[in-house]
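Novice: just need the structure, nothing else, for what follows:
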Amino acid sequence: MGCRRSVAMGHGLCTCAASARMRRTAAAVEQSSKWRRPGMIARRDRLIERPEIGVTTMADPLSSLLRSIHLTGGLFLDVRLKAPWAIVSEVTAEDCCALLARPTNIISYHVALDGRFELSIAGEPPLSIEAGEIVLLPRNDTHVLASGPGLVPVEGTSLIQPSPDGGLARVENGGNGEPTHMVCGFLGSDGAPSPLLSSLPRALKVDVRTAASRDWIEASVRFAATELAEGRLASSNVMARLSEVLLVEAVRHYAEGRDDLDAGWLGGLADAQIGRALAMIHEDIRAPWSAEGLARCVALSRSAFVERFTSLVGVPPIRYLTALRMEAAKHQLRDGSASIAQVAHAIGYESEEAFSRAFKRECGLAPTPWRNRQPARP
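Specialist: Numbers count the residues shown, from 1 in each chain. Predicted coordinates for the structure are as follows:
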């Protein structure tokens, strides 16, 4: 439900802190797998102070892969509704403008603090979301949020009211029935489109109470709820990290719940060594990677590494790297601001000529004529 208002924001995905810090912070959080009440907001005497940044379980290949997308995230809307209600929702590029001028990857999400709602996407079965659950939309599909089936939705943008005190914009709507309270947020990047995001389902639901990072997420949501209740924006760093951890948990939950993962990112992530190799490639596509070098890094022979990588991911490692570089190159060429030589250097080619040959093999045209055929960006 697009918005052009205040955004609680922050930048980038970070690796986790030491486990000792996790234990100290976890000790400060209530040691229970259930919320204090049906909603996610605890009693005011149970609300904690600002969670410790960096205390998450994110030191793994999945986190590294997501970090390579260079996601930025935050909250942008505080939504309070009473049944019956139904709203059409979608995060727009303008919602992200405080962070990203031209976002190419946008993930919208909704955190259910109190009550319940249904989320519907055209062509997909509806999802029921209850307090304590989060739903993420990796492809930012237009969707309908409703208190129940059969209701005619209104455009969410028409209901948005700016906060008089500079906090999150708000939506208040509905009748006199059961109340629902949610906060809406996004993750986005202006880099090349991500193959991971395109491989995910259109909606992912996470029950925070069963998440590996449950204590930290619970603490962060309670902190944010307190700040919102008092008319303040929660710490931008806390909100950015919360967005990121929710995505990690959603993807991990999805991958662990399937035994038929297709070849690609998620298939490779199931293997510790191939997952590590994927993370290294994505973290630095400019590096002069070779099959031999990657194999050494993950303690495999070259032949065993190439065979396992190809079996799990679907293509050999250097072919995968080349395709990744070409996607990054196409993104930069569409932007139009960098020279061919600059694009070549940015993705790991030592010469413009070598890059041009590789690009033509992959895309059928040399970089300059390919760029000239692209429509002008607004």
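Novice: so for the host helix or strand of Pro369, what gets flagged as buried?
Specialist: For Pro369, the host element (DSSP states H and E) is helix 367-372. By 16 or more other CB atoms under 10 Å, the buried positions in helix 367-372 come out as 367, 370-371. For every residue, glycine as well, the C-beta is placed using N, CA and C.
Novice: ok, stretch 315-326 next?
Specialist: 317, 320-322, 324-326.
Novice: so what touches it?
Specialist: Contacts with stretch 315-326, where a contact means CB atoms under 8 Å, 6 or more residues apart in numbering, come from 195, 277, 281-282, 285, 289-291, 294, 305-306, 309-310, 313, 347-349, 358-359, 362-363.
Novice: narrow those to those that are buried.
Specialist: Under a neighbour-count criterion of 16+ other CB under 10 Å, the subset of the contacts of stretch 315-326 counted as buried comprises 195, 277, 281-282, 285, 289, 291, 294, 305-306, 309-310, 313, 347-349, 358-359, 362.
Novice: stretch 353-364 - what's its average pLDDT?
Specialist: In this model, stretch 353-364 has a mean pLDDT of 94.
Novice: CA atoms of that stretch as PDB?
Specialist: Coordinates of the C-alpha atoms in stretch 353-364 are reproduced here as PDB (Å, rounded to 0.1, in the frame of the first residue of the first chain):
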ATOM      1  CA  GLU A 353      38.200  -6.400 -25.200                       C
ATOM      2  CA  ALA A 354      37.900  -9.500 -23.000                       C
ATOM      3  CA  PHE A 355      34.700  -8.300 -21.500                       C
ATOM      4  CA  SER A 356      33.200  -7.400 -24.900                       C
ATOM      5  CA  ARG A 357      34.000 -10.900 -26.200                       C
ATOM      6  CA  ALA A 358      32.400 -12.600 -23.200                       C
ATOM      7  CA  PHE A 359      29.400 -10.300 -23.300                       C
ATOM      8  CA  LYS A 360      28.800 -11.000 -26.900                       C
ATOM      9  CA  ARG A 361      29.000 -14.800 -26.300                       C
ATOM     10  CA  GLU A 362      26.400 -14.500 -23.500                       C
ATOM     11  CA  CYS A 363      24.100 -11.900 -24.900                       C
ATOM     12  CA  GLY A 364      24.500 -12.100 -28.700                       C
END
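Novice: quick one: the helices in this structure?
Specialist: Per DSSP state H, the chain carries helices over the ranges 19-28, 61-67, 195-199, 214-229, 236-256, 265-269, 272-283, 291-297, 302-313, 317-335, 340-346, 352-363, 367-372.
Novice: CSV for the ones you listed, including distance to Pro126?
Specialist: Conversion of these to CSV gives the following (distance: least, CB to CB, whole Å):
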stretch, distance to Pro126
helix 19-28, 35
helix 61-67, 27
helix 195-199, 22
helix 214-229, 24
helix 236-256, 18
helix 265-269, 24
helix 272-283, 33
helix 291-297, 43
helix 302-313, 33
helix 317-335, 33
helix 340-346, 43
helix 352-363, 40
helix 367-372, 42
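Novice: out of those helices, which comes closest to Lys205?
Specialist: Judged by CB to CB, the one of these that comes nearest to Lys205 is helix 236-256, at 7.7 Å.
Novice: quick one on the thing from earlier: pipe the buried residues of helix 367-372 into a markdown table and attach pLDDT and distance to Ile107 per row.
Specialist: What follows is those, written out as a markdown table (pLDDT from 0 to 100; distance: CB to CB, whole Å):
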| residue | pLDDT | distance to Ile107 |
| --- | --- | --- |
| Pro367 | 95 | 30 |
| Trp370 | 94 | 28 |
| Arg371 | 93 | 28 |
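Novice: name the nearest of those relative to Ser199.
Specialist: For Ser199, the closest of those turns out to be Trp370, at 25.1 Å, with distances computed as CB to CB.
Novice: nearest spatial neighbour of that closest one, chain-adjacent residues omitted?
Specialist: Taking CB to CB, 6 or more residues apart in numbering as the measure, Trp370 lies nearest to Cys363, with 5.7 Å between them; neighbours along the chain are not counted.
Novice: need the contact list for the one you found.
Specialist: Cys363 makes contact with 326, 330, 370 under the criterion CB under 8 Å, 6+ apart.
Novice: try it again with 10 Å
Specialist: Residues touching Cys363, when contacts are defined by CB atoms under 10 Å, 6 or more residues apart in numbering, comprise 326, 329-330, 333, 369-370.
Novice: and the residues you listed, which is closest to Val298?
Specialist: Met326 (24.0 Å).
Novice: how close does the closest one sit to Tyr349?
Specialist: Separation of Met326 from Tyr349 (CB to CB, to the nearest Å): 11 Å.
Novice: tell me which helix or strand of this protein sits lowest on mean pLDDT?
Specialist: Lowest mean confidence among the helices and strands of the chain (mean pLDDT, DSSP states H and E): helix 19-28, at a mean of 34.
Novice: quick check: Ser374 touching Thr368?
Specialist: Careful, residue 374 is Gln; it's not Ser. No. Applying CB atoms under 10 Å, one finds Gln374 not in contact with Thr368, separated by 11.2 Å.
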